[in-house]
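A.B. asks: Sharing a model that was predicted from the sequence below.
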Amino acid sequence: MIGLIAGLLIVEVVNRIELEEALYPIVVMSATLCVFAITGYLGGSGFLAVYVAGVVAGNRNMRGASRLRRYQNGMTWLAQIVMFLVLGLIATPSQFIPVAFPAIALGLFLIVIGRPVAVWLCLLPFRYERRTVVFTSWVGLRGAVSILLGILPAVSGIEGAEIYLNVAFIMVLTSLLVQGWTIRPAARRLKLIVPPQTGPVERVELELPGSPSQELVVYRVMEDSPVLSGSQLPQWARPSLVARDGVTFNYAQSGDIRAGDYVYLFVPPEYASLLDRVFAEKPHSDGDDKQFFGELRLDPESTLADLKSVYDVELPADVSDSQTIHEYMRAVLGSQAVVGDRVSVGPLDLVVCGVHRGATITEVGLAFRKSGPSAVSGRKYVARLPSFLQRLRSGYRRK
């Protein structure tokens, strides 16, 4: 409860007081120390309170959030370095021998059995594919949390604390040697290596007057980028500059995009990863690329009333629910629609999956936004999915 209240108060304080930008991280860190101390004084867990406060504050709109995140990222690395240094100062190598074999055995048990079972149980409701679950279970155990759990008994003066510390030390070393050095081979064997050309070169979180939700994304155009073969940018991606051979051009004046160009675009944060399909990698088939085209296909001639009755979304006041999905999307997108264009309807995105001569939308996908305050729970979607499919089955079309 203290962490919950503190998280809300930290947001209010940061948003209301006027300070130099460099002072906001200090204010947040000072508040964090106060939360830790007050909670500990009252007999609670200061660590848990600070964690909860961070989760609450980090998921709310806060002034200077991007700068705070960069600062906290640096502090996180510093804290981990300090923890390892403290562990090295406290640990006594001569005491490792009596607990070496059981500690190594325990570490191997967690690596081979304990963590894979725990990860599988935790990820079971989300239906991840098997290789993703296997890789997630392999990337674990080593790190600052293990060190902290080993140090806490020692600094608290608990009897026999050196056993916990020494066991944690050996387990961390075992994990680093076994798992840390085999992450890349494991990813390669599971075919999870991301091609080097995939993904943006840089993503810059922006805080602009008026609080528009935009990020600046920079892509390097690769030899096999779909944008070189005629793929057009969706309307939600707003290109600004092109850097070519050290010279910058306005996007509209840069001419044809070439391999090796750096393209600067403004995009909503939740859509940034979708640009991989246009800039960085060979296109997937429509059926495989559900992230880009959406999880379901809709009939463009179905009405907004059908969509509203199934998902309980709110339409703008000036929009009639008797309009077809095609008519509504054309009214929002204008005269020229491009594959990949998106029209938001509450927590849903209507995606252009097929278009004829830029004028007629022939296929529409339905994507569920996974972030943002308007996101709706998946349980609600699942419960209503059968009736939705039944309603649209007669009009389902797919080329």
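C.D. replies: Yes, it's here.
A.B. asks: elements contacting the helix or strand hosting W120?
C.D. replies: In this structure, W120 sits in helix 115-123 according to DSSP states H and E. Helices and strands touching helix 115-123, by 3 or more CB pairs under 8 Å, 6 or more residues apart in numbering; DSSP states H and E, are helix 130-138. The way it works is simple: take the backbone N, C-alpha and C, and place the C-beta from them, glycine included.
A.B. asks: what sits up against whichever helix or strand comes after the helix it packs on?
C.D. replies: Later in the chain than helix 130-138, the nearest helix or strand by DSSP H and E is helix 144-155. By CB atoms under 8 Å, 6 or more residues apart in numbering, the residues outside helix 144-155 that reach it are 79-80, 83-84, 86-87, 90, 160-162, 164-165, 167-169, 171-172, 175.
A.B. asks: For stretch 257-267, which residues meet the burial criterion?
C.D. replies: Neighbour-count burial for stretch 257-267, counted by 16 or more other CB atoms under 10 Å, picks out 257, 261, 263-267.
A.B. asks: Stretch 151-160 too?
C.D. replies: Residues of stretch 151-160 classed as buried: 151, 153-154 (neighbour count, 16+ other CB under 10 Å).
A.B. asks: quick check, nearest of those residues to P300?
C.D. replies: If you rank these by distance to P300 using CB to CB, I151 comes first, at 60.6 Å.
A.B. asks: any idea how far the closest one lies from A144?
C.D. replies: According to CB to CB, to the nearest Å, I151 stands 10 Å off from A144.
A.B. asks: Could you do V27 as well?
C.D. replies: Distance, V27 to A144, using CB to CB: 25 Å.
A.B. asks: And for K191, the neighbour number?
C.D. replies: Number of residues near K191 (other CB atoms under 10 Å) recorded here: 7.
A.B. asks: And the pLDDT for the closest residue to it other than its chain neighbours?
C.D. replies: Closest residue in space to K191, ignoring its immediate chain neighbours: R131 at 7.0 Å, by CB to CB, 6 or more residues apart in numbering. We have a pLDDT of 89 for R131.
A.B. asks: what's the answer for I38, then?
C.D. replies: pLDDT for I38: 95.
A.B. asks: which SSE is it in?
C.D. replies: Per DSSP H and E, the secondary structure element for I38 is helix 24-41.
A.B. asks: If I take the helix or strand following that helix and helix 144-155, what angle do their directions form?
C.D. replies: Using DSSP H and E, the helix or strand that follows helix 24-41 in sequence is helix 46-58. Per axes from the mean of the first three to the mean of the last three CA atoms, to 10 degrees, the angle that helix 46-58 makes with helix 144-155 is 150 degrees.
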